[in-house]
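Q: For reference, the sequence and a predicted model appear below.
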Amino acid sequence: MRSVFIFAACILFLNTPSPAGSSCATLDECRAELKAGSALDRRETIKRLPLFKKAAVSDLIIALKDKDHYVRLEAARSLGEIGPEAEASSPNLAALLGESSQDLRQYASASLVRIGTSSIPSLIAFLNTPNLLAQDNAATTLSRMGTPAIPALTAALHSPGRHLQRGAATALGVIGPPAKEAVPRLAKLLNADDFEVQRAAAFAIGKIGHAPEEDILMLAKNLQSSDNTVLEHTIMVITGLGPAGKIAVPIITPLLFSEGKPITSRVFEALFAIGPGAAAAVPTLIRILDHRDVETRKRAAISLGAIGPGAKNAVPSLITALKDPAGEVQKEAAVALGKIGPSAAAAVPALIETLTHLPDAAIALNAIDPAALKNSALPLIKLLEKADSMAQENIARILSDIGPAIVPALTAALTASKDPDIRNHIADALRGIGPAAIEASPILMDILKETHDILQQHPDYTPHADGHLEPVRWLNGTACLALWDIDPTTAENLDPSLDCYAPCGL
């Protein structure tokens, strides 16, 4: 939605009636026009000022406070066009980062980046403000400057100002691995008195990489608190560390048995963020797969999936979870088995059994043992009827991957089905197999003609007004593309009235 507003503002700016343009040849002539002209005249004159480079900077600084919004925009843009010579305008441009106008903030940020490193002190100053909008935009602008901003941002971490510390940490996190020199100080801020500073430091460390273990362990001592707010905040900071929070896993895992649901939810979030490094939690997560609460069982399965191959000891329990009374738990168990991968080979028979009702079982099987799917074509095709659109696309891709051996079953299903959505995915799977699916060419031709005739009966068809025809249109397009990929000779000789032309590149 935000981009729509920006686009609308740009259109308004571009479509505003304007004079032919200023032709002032000297700075004095331009200054005279700025004093005497209308808002439209001033906008055109501002565009001339970058020609005079540093000499025009003071005039553009004045124009940043013009009562006309578009004059201000043009002044901000023009200062960036001048570049490093406009360094005197840095404090004025930085002040615009807290403006309510998004396009003005963006123009100011872009110009500060173009002015370069000389604008860093002004931006650092605006990190130390309670205005979160200005602070966040200053941090974003500094992060866009990249490596040159790292020394100043690292120094800012030593400031006693919590706003400055938070903004500097955020910017360093966006810069990422090149900011590794800041990690020792960021690690100290994990134990700051201010929660937002802690979170920003954790975010930065998570993006940059490794943090000193002693600082994380010191942070984890807060988990001994009986205050739920302290517990929750500490776990959220550990979550921000991402994989770097691995050392805290044995400390946070016992909290999964906490009676407070917000705490257990935070622990699950942390384990997910830590990912493969959270393997130490596997024994506990296995126990929790038997929990009385459906949501808790589901989140345990999700966490095991995030750990991936390191959770291979959970395979027997996840196989059992495929028969959980709750469908959402079954789904996440199948997803987790797929993420564990080939190490979950023992789950193949159970996953094949669930193919008739669990779309994610097909995706898991493909990750564990693609060969096992070759004998499961019919359940997979049947599964298309029950899957949502995303799962249907995945299943169609898997069917394609099985290759020529599945073509007879796909062709038979294409003939038998009357559902345009299902037929569309089957045709797409055949298309993925290519020329080896030649036996499907006649039925694809029939579908092309059939759908073309239906669409011809509705010449005024529009997707919104005639939504029931949308699947027919998609099937028509897929059948056409499939014919070109499978049987180009037949496709080349189709009746032109069918509107099935060669795709680009063929």
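A: Happy to help now that I have it.
Q: average pLDDT for stretch 184-202?
A: Stretch 184-202 comes out with an average pLDDT of 90.
Q: Stretch 320-339 now?
A: With pLDDT averaged residue by residue, stretch 320-339 scores 96.
Q: Touching stretch 355-373 from outside, list them.
A: With C-beta atoms under 8 Å, 6 or more residues apart in numbering as the test, stretch 355-373 has contacts from 322, 330-331, 334-335, 337-342, 344-345, 347-348, 351-352, 354, 376, 379-380, 382-383, 386-388, 391-392, 394-395, 398, 401-402. Yep, even glycine has a C-beta here, placed from its N, CA and C like the rest.
Q: Show me which of those residues are buried.
A: When these are checked for burial by 16 or more other C-beta atoms under 10 Å, the buried set is 322, 330-331, 334-335, 337-340, 344, 347-348, 351-352, 354, 376, 379-380, 383, 387, 391-392, 394-395, 398, 402.
Q: Could you double-check that Gly275 lies in contact with Ile307?
A: Yes. Counting by C-beta atoms under 8 Å, Gly275 does reach Ile307; the two are 6.7 Å apart.
Q: Looking at those two, which is more packed in?
A: Ile307 (26 against 18; other C-beta atoms under 10 Å).
Q: Strands of the stretch 401-506 of the chain, start to end?
A: With DSSP state E, counting those that start in this stretch as the definition, the stretch 401-506 of the chain shows no strands.
Q: Could I get the phi/psi values of Pro130?
A: When read as degrees, to the nearest 10, the backbone of Pro130 gives phi -70, psi -10.
Q: so which helix or strand takes in the closest residue in space to it that isn't next to it in sequence?
A: Nearest non-adjacent residue to Pro130, counting by C-beta to C-beta, 6 or more residues apart in numbering: His163, 6.0 Å away. Assigned by DSSP states H and E, His163 belongs to helix 162-175.
Q: and the next element down the chain from that helix?
A: Tracing the chain past helix 162-175, the next element assigned as helix or strand by DSSP H and E is helix 183-189.
Q: what's the angle from the next helix or strand after that following helix to helix 162-175?
A: The helix or strand immediately downstream of helix 183-189 is helix 195-208, counting by DSSP H and E. Calculated by axes from the mean of the first three to the mean of the last three C-alpha atoms, to 10 degrees, helix 195-208 forms an angle of 20 degrees with helix 162-175.
Q: Tell me how many other residues crowd Ala204.
A: By the measure other C-beta under 10 Å, the count of residues near Ala204 is 30.
Q: And it, how close does it get to Ala139?
A: With distances taken as C-beta to C-beta, to the nearest Å, Ala204 is found 11 Å from Ala139.
Q: Which neighbours do those two have in common?
A: Thr170.
Q: what bits of the stretch 151-300 of the chain have low per-residue confidence?
A: 260 (pLDDT under 70).
Q: Give me the residues contacting whichever strand or helix holds Leu79.
A: Take DSSP H and E as the rule and Leu79 turns out to sit in helix 69-82. The contact list for helix 69-82 (C-beta under 8 Å, 6+ apart) reads 13, 16, 39, 42-43, 46-47, 49-50, 53-54, 56-57, 60-61, 63-66, 86, 89, 93, 96, 101, 103-104, 107-108, 110-115.
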